[in-house]
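Asker: Need coordinates for the following:
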Amino acid sequence: MASNDPTDTGGLFIGRRPGTAPVRFRDAPPSGTPRRRRFDSVLAAALLVVETVLCLSLFGPQPLGWLWVGSQVEYLTGAVTAGISTIMLGSLASLMLTMVVAKRVDHAWKLVRRAGGHRQEQGALEWIFAVSVGITVVAFSVWFLFVEGPGPSLAPTN
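Answerer: Next up is the predicted model:
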């Protein structure tokens with residue numbers, strides 16, 4: 001009797017598509033010396049810091065940099081549309097490039113963790129990105145509500 005479970009058939013009811021077999025990880029490699037494990041732990045932590053900095057740069061330095069570049073394009077060309085287009089396309093391109101680099105760093109982190117003797121099957125990029133978004137939302141809310149103020153319509157006039 002053929003199995004109709006989508007996890008067995010790759011989402012199809014008639015058979016498995018090529019390349020959709022479940023991922024099976026090998027056993028964790030044997031643990032190295034304590035010095036090697038410590039080095040792997042430090043390297044893994046450094047890679048997580050790099051991932052975090054990359055994700056946080058998506059919400060602050062990169063958009064500000066593209067705003068500056070767009071303002072220079074608008075000044076040189078005299079066309080507001082050229083400046084706005086530069087900002088939007090540049091931000092999109094740097095977002096994609098940053099995520100490509102972050103994904104590669106995340107893959108390296110998984111490899112370092114596995115080399116250190118941990119059974120690491122999933123990366124941390126999704127969690128780091130989610131935490132970065134949370135930090136950004138909180139920081140923006142504090143800035144908007146307490147530093148800059150919501151505006152004269154909500155603020156008391158006296």
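Asker: And the helices in the protein?
Answerer: Secondary structure of the chain, counting by DSSP state H: helices at 6-9, 34-57, 61-77, 80-115, 125-142.
Asker: Tell me which residues of the fourth one come out buried.
Answerer: Using 16 or more other CB atoms under 10 Å as the burial criterion, the residues of helix 80-115 that qualify are 83, 86-87, 90-91, 94, 102, 105-106, 108-110, 112-115. Bear in mind the C-beta positions are built from the backbone N, C-alpha and C, glycine included.
Asker: Okay, buried residues for stretch 120-131 please.
Answerer: Quick answer for stretch 120-131 (16+ other CB under 10 Å): 120, 123, 124, 125, 128, 129.
Asker: Surely the fifth one is in contact with residue 50?
Answerer: No: under the contact definition of CB atoms under 8 Å, residue 128 does not touch residue 50, with a separation of 10.2 Å.
Asker: Okay, now the unreliable bits of the chain?
Answerer: 1-23, 25-31, 151-158 (pLDDT under 70).
Asker: Try it again at 80.
Answerer: 1-34, 116-121, 149-158 (pLDDT under 80).
Asker: measure residue 99 to residue 128 for me?
Answerer: Relative to residue 128, residue 99 is positioned 11 Å away (CB to CB, to the nearest Å).
Asker: neighbours around residue 148, how many?
Answerer: The local packing of residue 148 (other CB atoms under 10 Å) involves 9 other residues.
Asker: Residue 48 too?
Answerer: 18.
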